Each structure stands twice: as C-alpha cells, then as structure tokens.
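In: predicted coordinates and the sequence they were generated for:
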Amino acid sequence: MLFTNIWYVAESSDKVTDQPVSVRMLGRDFVLFRDSNGAPVCLSGVCPHRGADLSQGKCEPDGTVGCPFHAWRFDSTGKCTKIPSNKDPVGEIPTAARVDSYPTQEKYGYIWTFLGDDLENAAPILDIPEFEDPEWSKVTHAVTWNCNQHWAKQLDLDHVHLPIVHGIGFGGDNPVRPPDHTVEYRDDGGFGTKIVGKPDITKGKWLELRDTRSTVTSVFKYFVAGFTSRGKVAVGGVDNGTYNIFYQFTTPIDEENTRMYYTFFRNFMPGPEGDAEHLRRNCRNIYQDKSLAEKVMPKRAPDVPVYPTITADLEDKLIGAYWKVLQDLRNKGWQIDRVQLEALDKNGDYRTIPSPARRQDGPEEWVFEEIPRIAGIDKAQRDVA
Ligand code: FES
Ligand SMILES: [Fe+2]
C-alpha cells in the first residue's frame, strides 16, 4: 500500500554532496544530486535513452547529471540538455528526452522530495521549531526496517505496546492500560492526542530528572507529510520543564522495506556530551520495535485492516485514526495500484511516479508512462464520506 502526492524524506542532507546518489522510494529508482548552485535535485533515475541508472553517472559542472551509458545530460527540470554523440550535441534533442523531476526542499537536515503530480492539494512539510532554537540539543538516526511502512508506523502509534515491549508502564491501577485520551483531527489531514500518566521509569539518567510519583504528559502528533510522527514527552514530569521530543519520518522503499529517519531533541543534558545517552535511550526502543515489526504478517499491508482494530477498545484510537488517513489518501486517487503495477513490471513495462510537469505536457512527451493508481472518488462524495 504505497501513496503518491506526499512529501517524503529522500535522504539526509549531508549524504548528497558532489556525486549522484541513488534512492529507492515507492518501489521506483530516483537520482539525487545538487545543481551548480548546490540546490538539491530529484529525478526519476532511469535514463529514457536505454534505461541506464542515472545515479551511476556523474554531476557535470553545468549543474546537470550525466548518464553513465552515453553521457546524455539532464538538468534540474529533467530535460536533456546535451547528447554528446550528436553532430550538434545541443541542437537535436528529441522532446521525449526527459525524465520526471520532483519538487525538492532542503529542510531540517534532510532532502525532502514530493513524489507526485498534485502539489497544490498535498499536505505541506511540517514546521520543526526546535531545529533552529539553541535551547534544544539534537541527535539523529536512520535505519532501514525490513517491513512495510504501515507496520513500522503502527509501532509509533500504538500505546498499548509501551509497557509490554519497552517496559514503560502507565502507572495507576492497571499500568498496562493507556490512560483515556481523545484524538483531535487537524485541517492539514493529521491528528494527535495527549496522554497523561505516571510511567514507571526505573533506571537510567532520565530517572534522575524526575520524582517517580510525578505526572508525565506525552503529546503525540501525526502529519501526512513524511508520514511523520512527533512526540513530546515531559520526561522530568509536568512541572519540571524537561522534554524529549522525537520526530520520525517514514519513507517507503517498496512494499516490504522502509527507511526510518529520526531526529530527537532534548532541553536537558546539553551539548555533545549528552548525545550518546540521548541516542542510546531512544535507539533501545527503536530496535525493540524494529525486530517486532519485521516479523509481522502479512508482509504487505492490506488496503483495509484485517483485524478488528477500529472497533476495538479505546486504547487503539491512534491506529484507527491512521487507517482513516490512508483511506482518505486512497479516496483522493493517490494510492498506487500494486496489482496492475506488478503486472506491468513483469511484462517489461517500466513506469514512473508522475511529476507535476505531467499535468501540463502530453503523454507523447515521455518515454515511460506513469504508474497506475486506484481511482479516487470525487470531492463531494468524499466530504459526505
Ligand atoms: S542510456 Fe542514458 S544516455 Fe544512453
Ligand atoms: Fe515502540
């Protein structure tokens, strides 16, 4: 279950320097590089001449990427600007000598790319106010999980697993039951909730921050852009003013593998001396979740839950909200039709994710057609639904 028309984190900024970088997302191949001004560029990675992998080529001084096979050059708009073996290398370039170019933004230490053709109606990249604020120290982490993005994401959304998998109980009479909470939906298509409990943290540096009887608030938000979760946990208790804030950005590599990017902020243990402990603490939870998610069946997420999630007891509210978001994306016509796409792939018909330029230029202008998507329903019907 993969979706177009989403801003995804394509790579960490510092990984894209003076050579093209290969990135696989949504089961397709892309090339990332920087133009002559240092601005990031994301193109479909398959050369329209004879299908070579553009990320095996090189960045040219004129800001283009050169194909490794016959050195055709493609600029940041995806157009071929030079065919060196032509009699007049810049004169005779066919219109279809172009690849899809996807909008990119460099923000918060990442290169974000918009994989789709309907930028206007998509959820914008969220704000991360802590990023520029000297009050906050930060650490980052990235790891590939061998599971689909939704199984990875549900470990972030699920509160019930916290005491079971991580040993973080909620306190009270039944420490394995999440305290009552309500889900708030926002206009940007995301949602969030607040949990108030007395978690029993029993060891480690963070215990020193807190009187174990004090109340801890945990504010969770989900954003459609980047399939991002944000959690703000008052680790020192509500009155102490110390927080761990995590951002998790989920990028589907394909139907069964997911790149997980994390940025953690803290306003205690300042400076680089605190980084190792901050990362260790968060990574412990990440790798406990990862080993669990990688074994969840089926390997590919179905379009609708096969288990009674949405109707279950109130503790699974965020999971229910997440499936509603997926339903909404599907209704907009943004879900890739994986059955059809697999048949095309098997038949030797390579398809690309459509970029915004596909809405202006006719199909004759492209060598590769676009991936098939499941038909949406029109807006009036969606509003009723
Ligand atoms: S395959 Fe790319 S230039 Fe020929
Ligand atoms: Fe977890």
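Out: Perfect, I can see it now. Ligands and ions are numbered 1, 2, ... in the order given.
In: for the record, mean pLDDT for stretch 125-141?
Out: Per-region confidence: stretch 125-141 scores 96 on mean pLDDT.
In: what's it in contact with?
Out: 7, 12, 105, 107-109, 112, 188, 223, 225-226, 228, 230, 245, 247, 261-267, 269-272, 274-275, 278-279, 282-283, 286 (CB atoms under 8 Å, 6 or more residues apart in numbering). All C-beta spots, glycine's among them, are computed from the backbone N, C-alpha and C.
In: drop the exposed ones from these and show what's left.
Out: 7, 107-108, 112, 223, 225-226, 228, 230, 245, 247, 261-267, 269, 275, 278-279, 282-283, 286 (16 or more other CB atoms under 10 Å).
In: re the thing from before, so which of the contacts of stretch 125-141 belong to helices?
Out: Under the assignment DSSP state H, these contribute 275, 278-279, 282-283, 286 to helices.
In: just put the residues you listed in CSV and tack on pLDDT.
Out: Below are these laid out as CSV (pLDDT from 0 to 100):
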residue, pLDDT
275, 94
278, 93
279, 94
282, 91
283, 93
286, 95
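In: return the member of those nearest to ligand 2.
Out: For the ones in helices among the contacts of stretch 125-141, the minimum distance to ligand 2 (CB to the ion) is 7.7 Å, reached by residue 286.
In: who are the neighbours in contact with that closest one?
Out: Counting by CB under 8 Å, 6+ apart, residue 286 has contacts 141, 143, 260, 262.
In: any idea which of those residues has the most stuff around it?
Out: residue 260 (23 neighbours; other CB atoms under 10 Å).
In: can you verify my assumption that that one contacts residue 155?
Out: No - Residue 260 is beyond contact range of residue 155, at 9.8 Å (criterion: CB atoms under 8 Å).
In: now residue 169, what's its secondary structure?
Out: coil (DSSP: H, G, I helix; E, B strand; the rest coil).
In: from ligand 1, how far out is residue 277?
Out: Remark: distance between residue 277 and ligand 1 (CB to the nearest ligand atom, to the nearest Å) = 49 Å.
In: mind checking pLDDT for that residue?
Out: At residue 277, pLDDT is 92.
In: check this structure for the residue nearest ligand 2 and tell me.
Out: residue 289 (4.0 Å).
In: which residues of the stretch 201-350 of the chain fall in helices?
Out: 275-293, 317-331, 338-346 (DSSP state H, counting those that start in this stretch).
In: tell me which of these is the most buried.
Out: Mean neighbours per residue, mean count of other CB atoms under 10 Å, is largest over these for helix 317-331, with a mean of 19.
In: residue 2: how many residues sit nearby?
Out: What residue 2 shows, counting by other CB under 10 Å, is a neighbour count of 27.
In: just the one 3 residues further on next, same as before
Out: A count of neighbours around residue 5, defined by other CB under 10 Å, yields 23.
In: for it, what are its contacts?
Out: 114-119, 121-122, 329, 332, 334.
In: go again with 10 Å.
Out: 114-123, 224, 329, 332-335, 353-354, 373 (CB atoms under 10 Å, 6 or more residues apart in numbering).
In: which residue is the nearest non-sequential neighbour of it?
Out: Nearest residue to residue 5, sequence neighbours excluded (CB to CB, 6 or more residues apart in numbering): residue 116, at 3.3 Å.
In: and for residue 228?
Out: Nearest one to residue 228, counting by CB to CB, 6+ apart, is residue 249 at 5.3 Å.
In: any idea how far the one you found is from residue 323?
Out: 20 Å (CB to CB, to the nearest Å).
In: can you check residue 65 too?
Out: 39 Å.
In: rewinding a little: drop anything exposed from the contacts of residue 5.
Out: Applying 16+ other CB under 10 Å to these flags 114-117, 122-123, 224, 329, 332, 334-335, 353-354, 373 as buried.
In: which ones among those residues lie within strands?
Out: 114-115 (DSSP state E).
In: before we move on, what SS does the residue in the chain sticking out farthest from the centre have?
Out: Using CA atoms, centre = their mean, the residue of the chain lying farthest from its centre is residue 87. It sits 44.2 Å away. Following three-state DSSP, residue 87 is assigned to coil.
In: please identify the residues of the stretch 51-200 of the chain in proximity to ligand 2?
Out: residue 155 (CB under 5 Å from the ion).
In: all helices of the stretch 51-200 of the chain, in order?
Out: Going by DSSP H, counting those that start in this stretch, the stretch 51-200 of the chain shows helices at 149-157, 161-165.
In: next one: the longest one to chain centre, how far?
Out: The reference is to helix 149-157. Centre-to-centre, helix 149-157 and its host chain are 12 Å apart (CA atoms, centre = their mean, to the nearest Å).
In: equivalent analysis for stretch 132-145, please.
Out: With CA atoms, centre = their mean, you get 15 Å for stretch 132-145.
In: and if you look at stretch 327-339?
Out: 17 Å.
In: could you pull up the mean pLDDT of it?
Out: 96.
In: end-to-end on it?
Out: 18 Å (CA to CA, to the nearest Å).
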